[in-house]
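In: the following block contains a protein sequence and its predicted model.
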Amino acid sequence: MKTRQTRHLLASLATAFTCSFNSTSTCALESPFEQIVSQPKDTFGYQNVESVDPASGSLLIKHIDVNLPGPNGMNITLLRTYNTGALSAGLGSTYRKSFSWTALGPGWTLRAAPRIVHGNLFKSTNRTPSTAPKQIYDKSQMAGALCVGTAVSTLSPAGIFLQLPDGTQHQVFSSGGHKGRTKNNWQVSCINNQVTAHSPDGILYDFGNWSTDRNGGTESTNDIIESSFGMPIDAPVKPTITYIDAKKATDLFGNWIAYDYTPRSTSTTPLPLPSTIYAPRGIAEPDSRYEQARLLTRITSSDRRTVTLAYNSKSFRLESITDTTGNLWKYTYLTA
């Protein structure tokens, strides 16, 4: 029987997680204050820690929920992270909605593998009273810069970023020849439309085919439709994000970890890229809703370790995690 541990983590100004586990584990939203039980670093250097970003003043939390050791450091590690800056786009900004919050709620992400992400370009065409406006979300910069091989040092509109499970984000700079590199020495490539990344310690991450495996998601800080003299005017265009998740990790000795995902809903398709959206006077949402996300459902390894994640069929919140040894983590959500 494992020692019972309780973890209180800040989730928002009104809600928070508590997570405890033994052979049967429970996680819940409870106090808005946090107390983290420290654990040693795993092989990848991840550690339970809270800190404040000196540049933005944002509270940063990362917490290891699951860690299954593997051969040569190929651990299966699930990290839960929180960032007040990511939640609100800055402490002086309004609350931000995002597809990223699907599994755990506002501000929280749960990751086991890297993700490549970038914002999309868009433009609005001319409008006439008799014609619905057209908003065009341009083809992704990932395809134009890396997959096609355009030699640019910084990729627009805000660059391509590699997001790691610990919540950090690193810009990818194109080095030509369908390849890019981050300042912390990750190498990203898109050869024949196949996206891969090499970590500094030699692990190869396979992200799949850019054309078929990428996803679109929406973020917003403004749901208000503005009006003038009682007549609605064009609502601000909601930013859309393109992202692709790692599907498999392989080390130099052939040990591998595979990651399986499922869309949030079979009835809600990811945002097509590029896409055209029609709506009266521009008051509309893109095809992808705020909650749209690929959800991590299963992790397997070459040495037969397995982690399975289960979600609520209606809210799509994470409900439980189980592993090969029979450990069970349960997540519940309460308003404070």
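Out: Arrived safely, thanks for sending. For clarity, every value in this text was computed on a predicted model and none was experimentally measured.

In: and the strands in the stretch 51-200 of the chain?
Out: With DSSP state E, counting those that start in this stretch, the ranges of strands along the stretch 51-200 of the chain come out as 59-68, 76-83, 97-98, 108-111, 115-119, 122-124, 134-137, 160-163, 169-176, 179-181, 187-191, 194-198.

In: how is the protein divided into domains?
Out: 1-111+305-336, 115-288 (automatic domain parsing).

In: still on that earlier bit, could you export the strands of the stretch 51-200 of the chain as CSV, including mean pLDDT?
Out: Formatted as CSV, the strands of the stretch 51-200 of the chain follow (pLDDT from 0 to 100):
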stretch, mean pLDDT
strand 59-68, 89
strand 76-83, 90
strand 97-98, 68
strand 108-111, 88
strand 115-119, 84
strand 122-124, 53
strand 134-137, 43
strand 160-163, 88
strand 169-176, 83
strand 179-181, 89
strand 187-191, 92
strand 194-198, 95
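
In: need the ones you listed in TSV (columns: mean neighbour count and distance to Arg305).
Out: C-betas here are computed from N, CA, C, even on glycine. As requested, these are exported to TSV (neighbours: other CB atoms under 10 Å; distance: least, CB to CB, whole Å):
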stretch	mean neighbour count	distance to Arg305
strand 59-68	21	5
strand 76-83	23	6
strand 97-98	21	31
strand 108-111	22	18
strand 115-119	21	22
strand 122-124	14	42
strand 134-137	18	39
strand 160-163	22	24
strand 169-176	17	28
strand 179-181	20	31
strand 187-191	19	27
strand 194-198	19	22
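
In: can you lay out these as JSON lines showing distance to Phe207?
Out: Output for the strands of the stretch 51-200 of the chain, formatted as JSON lines (distance: least, CB to CB, whole Å):
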{"stretch": "strand 59-68", "distance to Phe207": "22"}
{"stretch": "strand 76-83", "distance to Phe207": "18"}
{"stretch": "strand 97-98", "distance to Phe207": "21"}
{"stretch": "strand 108-111", "distance to Phe207": "14"}
{"stretch": "strand 115-119", "distance to Phe207": "6"}
{"stretch": "strand 122-124", "distance to Phe207": "24"}
{"stretch": "strand 134-137", "distance to Phe207": "21"}
{"stretch": "strand 160-163", "distance to Phe207": "10"}
{"stretch": "strand 169-176", "distance to Phe207": "12"}
{"stretch": "strand 179-181", "distance to Phe207": "13"}
{"stretch": "strand 187-191", "distance to Phe207": "9"}
{"stretch": "strand 194-198", "distance to Phe207": "4"}
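
In: of these, which is nearest Ser320?
Out: Closest approach to Ser320 among those is made by strand 59-68 (11.4 Å; CB to CB).

In: export that closest one as PDB, just CAs?
Out: Provided in PDB are the C-alpha atoms of strand 59-68 (Å, rounded to 0.1, in the frame of the first residue of the first chain):
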ATOM      1  CA  LEU A  59       2.600  32.100 -11.200                       C
ATOM      2  CA  LEU A  60       4.000  28.900 -12.700                       C
ATOM      3  CA  ILE A  61       3.300  25.400 -11.300                       C
ATOM      4  CA  LYS A  62       4.400  22.000 -12.600                       C
ATOM      5  CA  HIS A  63       3.500  18.800 -10.900                       C
ATOM      6  CA  ILE A  64       4.300  15.100 -11.700                       C
ATOM      7  CA  ASP A  65       1.000  13.200 -11.500                       C
ATOM      8  CA  VAL A  66       2.400   9.900 -12.800                       C
ATOM      9  CA  ASN A  67       5.900   8.600 -13.300                       C
ATOM     10  CA  LEU A  68       6.700   5.100 -14.400                       C
END
